[in-house]
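Peer 1: A predicted structure for the sequence below; I have some questions about it.
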Amino acid sequence: MKGKDFLTISHLEPSEVEEIIMKAYSVKNGETSDLLAGKTIALIFEKPSLRTRVSFEVGIKQMGGSCIFLSNQEIGLGVREPESDIARVLDRLVDGIVARVFSHHSLELLSENTSLPIINALSDKAHPCQALGDFLTIFEKKGSLDGLKVAFVGDGNNIAGSLAMTCASVGSEFVIASPKQYQLPESVWTEANVISQRSKTKLWWTSDPFEAVDKADVVYTDVWTSMGNESEEEERLKVFTDYQVNENLISTANPEFLFMHDMPAHRGEEISPNMLDHPNSVVYQQAENRLHAQKAVLARLFEKRQG
């Protein structure tokens with residue numbers, strides 16, 4: 001792991017990505033740890049959360065630790081107090097920080113001003129814990145990650161970027177189907193391509209969702225309007241109309257494909273009403289696996305600090 005923090009998948013060597021996924025698999029199948037005994041983790045959440053907050057709180061407690069939840073109303077990250085001051089205060093009071101923020105830059109500012117490990121629980125750039133939980137789910141269902149085709153349909157957002165980097169790390173092909181103006185940011189493509197060149201995996205974009213989903217092993221989508229982009233919702237609903245994941249689109253995927261969505265989902269928008277309950281859907285297993293993946297990340301970071 002590069003440095004003390006886990007802010008993006010690119011902070012891990014490709015071999016470490018697989019190791020953490022396998023660690024998460026072991027954790028789910030009974031491996032226990034009290035690595036956080038006597039430790040307190042601060043949860044800084046600027047954005048609402050169900051899966052992320054619950055899975056982190058439960059995981060920290062299962063590892064022997066305790067946590068303090070700090071909402072945006074309480075600390076006003078970068079508004080009531082600058083990130084630097086918040087980081088320097090928490091540095092003297094807690095043992096780690098999990099932060100769910102609007103701007104990835106806030107994570108970087110926190111990191112620069114504390115010796116504590118920082119875990120990205122979602123930013124506008126990346127959602128790495130989600131991706132690790134997703135690939136635990138894929139491994140459980142497929143038995144392997146190498147050589148799979150993962151098709152993402154929709155906005156080139158933080159989820160798509162983290163999936164691209166994870167695919168490149170574990171040897172899976174990644175394709176995103178999106179309108180041209182909603183591709184992955186160039187900086188994210190660059191990071192993912194650096195990894196893929198070493199692993200010799202294929203990453204590509206198309207504007208045609210049927211081309212992307214053709215013979216896919218995993219079909220993944222997310223909301224068309226992420227938190228923070230609400231002012232663009234009306235325009236996005238028009239632009240993404242042809243990118244709904246529905247029964248017609250998935251007919252071109254491999255018969256044993258997995259349908260994935262990080263949730264919350266908007267039935268009738270990015271998915272047809274019945275997709276979450278489709279026989280190939282693993283969305284609730286994804287949600288559960290956030291717990292195990294995050295415990296594996298916490299173990300990695302705190303083992304490193306002890307080592």
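Peer 2: Cool, the structure landed.
Peer 1: which segments of this structure make up each domain?
Peer 2: 9-126+290-306, 130-286 (automatic domain parsing).
Peer 1: which residues of the stretch 201-307 of the chain score low on pLDDT?
Peer 2: 307 (pLDDT under 70).
Peer 1: quick one, strands of it?
Peer 2: 203-206, 218-221, 258-261 (DSSP state E, counting those that start in this stretch).
Peer 1: can you redo these as JSON lines with distance to Asp155?
Peer 2: Yep, even glycine has a C-beta here, placed from its N, CA and C like the rest. Listed next are the strands of the stretch 201-307 of the chain as JSON lines, based on distance: least, C-beta to C-beta, whole Å:
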{"stretch": "strand 203-206", "distance to Asp155": "12"}
{"stretch": "strand 218-221", "distance to Asp155": "9"}
{"stretch": "strand 258-261", "distance to Asp155": "13"}
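Peer 1: against the centre of this protein, work out the most remote residue.
Peer 2: Arg92 (28.8 Å; C-alpha atoms, centre = their mean).
Peer 1: confirm that that residue sits in a helix.
Peer 2: No: Arg92: not assigned to a helix; according to DSSP: H, G, I helix; E, B strand; the rest coil it is coil.
Peer 1: for it, give me phi and psi.
Peer 2: phi -100, psi 0 (degrees, to the nearest 10).
Peer 1: what distance do you get for it to Ile86?
Peer 2: 12 Å (C-beta to C-beta, to the nearest Å).
Peer 1: got it, and Leu148?
Peer 2: Taken as C-beta to C-beta, the span from Leu148 to Ile86 is 40 Å.
Peer 1: which of these two has more residues huddled nearby?
Peer 2: Neighbours per residue, other C-beta atoms under 10 Å: of Leu148 and Ile86, the larger number sits with Ile86, 25 against 22.
Peer 1: so the more buried one touches Ile75, yeah?
Peer 2: Yes: Ile86 is in contact with Ile75 according to C-beta atoms under 8 Å; the separation is 6.1 Å.
Peer 1: identify the contacts common to these two.
Peer 2: Ile44 (C-beta atoms under 8 Å, 6 or more residues apart in numbering).
Peer 1: quick one: Ser33 and Ile60 touch, right?
Peer 2: No: using C-beta under 8 Å, Ser33 makes no contact with Ile60, being 11.3 Å away.
Peer 1: flag every buried residue along the longest helix along the chain.
Peer 2: Looking across the chain with DSSP state H, the single longest helix is helix 283-306. Within helix 283-306, the residues that count as buried by 16 or more other C-beta atoms under 10 Å are 283, 285-287, 289-302.
Peer 1: from the strands of the stretch 201-307 of the chain, which stretch is densest packed?
Peer 2: strand 218-221 (a mean of 27; mean count of other C-beta atoms under 10 Å).
Peer 1: listing partners with orientation, what would you give for that one?
Peer 2: On the basis of DSSP bridges, the sheet neighbours of strand 218-221 come out as strand 149-153 (parallel), strand 258-261 (parallel).
Peer 1: show me how far the longest one is from its chain's centre.
Peer 2: For strand 149-153, the gap between its own C-alpha mean and the chain's C-alpha mean amounts to 15 Å (C-alpha atoms, centre = their mean, to the nearest Å).
Peer 1: tilt between the helix or strand just after that strand and strand 149-153?
Peer 2: Remark: after strand 149-153, the chain's next helix or strand is helix 158-170, criterion DSSP states H and E. Computed by axes from the mean of the first three to the mean of the last three C-alpha atoms, to 10 degrees, the angle separating helix 158-170 from strand 149-153 equals 170 degrees.
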